[in-house]
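Asker: with the sequence up front, the predicted model follows.
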Amino acid sequence: MKKIIPIEEGDYYLTPEGYRCFTEQYHLKRGYCCESGCRHCPYGYNPKTNTSEN
């Protein structure tokens, strides 16, 4: 079971389209890469090659 991470200020922002975009701060708190190609992934995941820099 995945642990629930409470959302805090600075964890996301709303895009012009109204979507929630998680920041690097949130991804680091979560502690792992979800391999979804997130815009602010601090783990360096590349969805084209399915590899991570870290």
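Answerer: Here it is on my side, so go on. Numbers count the residues shown, from 1 in each chain.

Asker: neighbours around Glu24, how many?
Answerer: 15 (other C-beta atoms under 10 Å). To be clear about C-beta, it is placed using only N, CA and C from the backbone, and glycine gets the same treatment.

Asker: hang on, it packs against Tyr43?
Answerer: No: with contact defined as C-beta atoms under 8 Å, Glu24 does not count as touching Tyr43 (9.7 Å).

Asker: which parts of the protein are strands?
Answerer: 12-14, 20-22 (DSSP state E).

Asker: please work out the average pLDDT along the last one.
Answerer: This points to strand 20-22. Average pLDDT, strand 20-22: 96.

Asker: give me the contacts around it.
Answerer: 11-15, 38-40 (C-beta atoms under 8 Å, 6 or more residues apart in numbering).

Asker: which among these count as buried?
Answerer: Buried members of the contacts of strand 20-22, scored by 16 or more other C-beta atoms under 10 Å, are 11-12, 38.

Asker: which residues touch the residue nearest to the spatial centre of the chain?
Answerer: With distances taken as C-alpha atoms, centre = their mean, His27 lies nearest the centre of the chain, 4.2 Å away. Neighbouring residues of His27 by C-beta under 8 Å, 6+ apart: 33, 38, 40-43.

Asker: and those, which two are the farthest apart?
Answerer: Longest distance between any two of the contacts of His27 is 11.7 Å, between Cys33 and His40; criterion C-beta to C-beta.
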